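J.: quick check, what structure comes out for this input:
(one chain, ligands or ions: 2)
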Amino acid sequence: MRLILLGAPGAGKGTQANFIKEKYNIPQISTGDMLRAAIAAGSELGIAAKKVMDAGQLVSDDIIIGLVKNRLKEADCANGYLFDGFPRTIAQADAMKDAGVKIDYVLEIAVPDESIIERMDGRRCHQGSGRVYHVKFNPPKVDGIDDVTGEPLVQRDDDRAETVKKRLDVYHNQTEVLLGYYNEWAKSGDPMAPKYRRIEGVGPVEEIRDRAFAALAE
Ligand code: AP5
Ligand code: ZN
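T.: Residues are numbered from 1 along each chain as shown. Ligands and ions are numbered 1, 2, ... in the order given. Next comes the predicted model:
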């Protein structure tokens with residue numbers, strides 16, 4: 001299984017990626033998680049990316065495309081992969097197309113902007129794994145603690161209300177165009193084209209998981 005999860009910031013891409021990667025035994029390639037790992041490591045990339053991410057802007061296409069191409073060379077991608085938060089621009093999508101990176105499904109998780117702010121406000125993350133929780137909608141077993149490792153959960157720096165608004169603007173201006181890009185490609189009759197599936201992303205996490213599994217089995 002090779003797929004792209006598309007959706008606004010806070011649509012639940014990371015949350016659903018956890019279920020999908022387990023079911024299909026594939027690695028989750030989250031460019032956001034990769035950038036946050038670079039920040040935590042204090043690398044040159046991390047230092048440069050942090051400023052851009054805290055401003056709610058996109059990191060440059062060249063950097064992101066390079067990161068992903070390198071990641072795809074690793075052995076665990078042989079069995080498939082799940083892109084989370086990538087591609088986010090036409091240039092990134094074209095780069096994958098040009099490189100012949102095969103995609104079976106594009107799965108869009110649709111969530112209206114009104115639901116996003118509350119989701120971000122209550123989000124808590126486990127840094128090492130990228131596991132995400134919500135204080136109200138998807139709480140950990142013990143407040144502030146990761147279920148699997150017992151390590152503390154943190155809030156993301158870009159989850160402040162002003163930054164979330166900016167990220168939503170960037171999504172609508174630069175990423176949403178990909179919904180049409182993949183939809184049209186799917187309908188074009190090109191045998192290389194991925195199938196396009198759209199699910200509603202509002203409702204209990206497990207219900208969305210079942211919708212995602214059903215969409216990927218069609
Ligand atoms: P990235 O890490 O990709 O963030 P994002 O796309 O903005 O998406 P999020 O991680 O915020 O949301 P999500 O959809 O994963 O939702 P989640 O499951 O966590 O990118 C961060 C930054 O890195 C970007 O702004 C950019 O600067 C840079 N970047 C990354 N990739 C890039 C690229 N390709 N090109 C350029 N720059 C790039 O859920 C959110 C919350 O909601 C959680 O608390 C969760 O528990 C809760 N929740 C989930 N599902 C539900 C539900 N059904 N009901 C209620 N709550 C729910
Ligand atoms: Zn995410």
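
J.: for the closest residue to ligand 1 within the chain, helix, strand, or coil?
T.: Per Cβ to the nearest ligand atom, Gly32 is where the chain lies closest to ligand 1, at 1.9 Å. Where C-beta positions appear, they are placed from N, C-alpha and C, glycine not excepted. In three-state terms, and counting by DSSP: H, G, I helix; E, B strand; the rest coil, Gly32 is helix.

J.: was I right about it contacting Gly85?
T.: Yes. The pair Gly32 and Gly85 passes the contact test of Cβ atoms under 8 Å, sitting 4.5 Å apart.

J.: neighbour count winner among these two?
T.: Set Gly32 next to Gly85 and count neighbours by other Cβ atoms under 10 Å: Gly85 wins out with 23 against 20.

J.: wait, that one touches Ser30, no?
T.: Yes. Counting by Cβ under 8 Å, Ser30 is a contact partner of Gly85 at 5.4 Å.

J.: need the overlap of contacts for these two.
T.: Lys13 (Cβ atoms under 8 Å, 6 or more residues apart in numbering).

J.: and stretch 49-59, what's buried?
T.: By neighbour count on 16 or more other Cβ atoms under 10 Å, the buried set for stretch 49-59 is Ala49, Lys50, Met53, Gly56, Leu58, Val59.

J.: quick one: the third one and Lys23, what's the gap?
T.: What that stands for is Met53. 29 Å (Cβ to Cβ, to the nearest Å).

J.: repeat for the fifth one
T.: In this structure, Leu58 lies at 30 Å from Lys23, with Cβ to Cβ as the measure.

J.: likewise the last one?
T.: For Val59, the distance to Lys23 (Cβ to Cβ) stands at 29 Å.

J.: what is the burial count for Leu5?
T.: Leu5: 24 neighbours (other Cβ under 10 Å).

J.: these two touch, right, it and Ile103?
T.: No. Counting by Cβ under 8 Å, Leu5 does not reach Ile103; the two are 11.1 Å apart.

J.: and for those two, which residues touch both?
T.: Phe83.

J.: would you map the strands across the chain?
T.: 2-6, 28-30, 81-84, 105-110, 123-125, 132-134, 195-200 (DSSP state E).

J.: got the contact list for Ala37?
T.: Gly46.

J.: check Thr175 too.
T.: Contacts of Thr175 by Cβ under 8 Å, 6+ apart are Leu6, Arg88, Thr89.

J.: now the first one: closest residue in space that isn't a chain neighbour?
T.: In this case it means Leu6. Distances taken as Cβ to Cβ, 6 or more residues apart in numbering put Glu108 closest to Leu6, at 4.6 Å, once the chain neighbours are dropped.

J.: check contacts around the one you found.
T.: Contacts of Glu108 (Cβ under 8 Å, 6+ apart): Leu6, Gly7, Leu179, Tyr196, Arg197, Arg198, Ile199.
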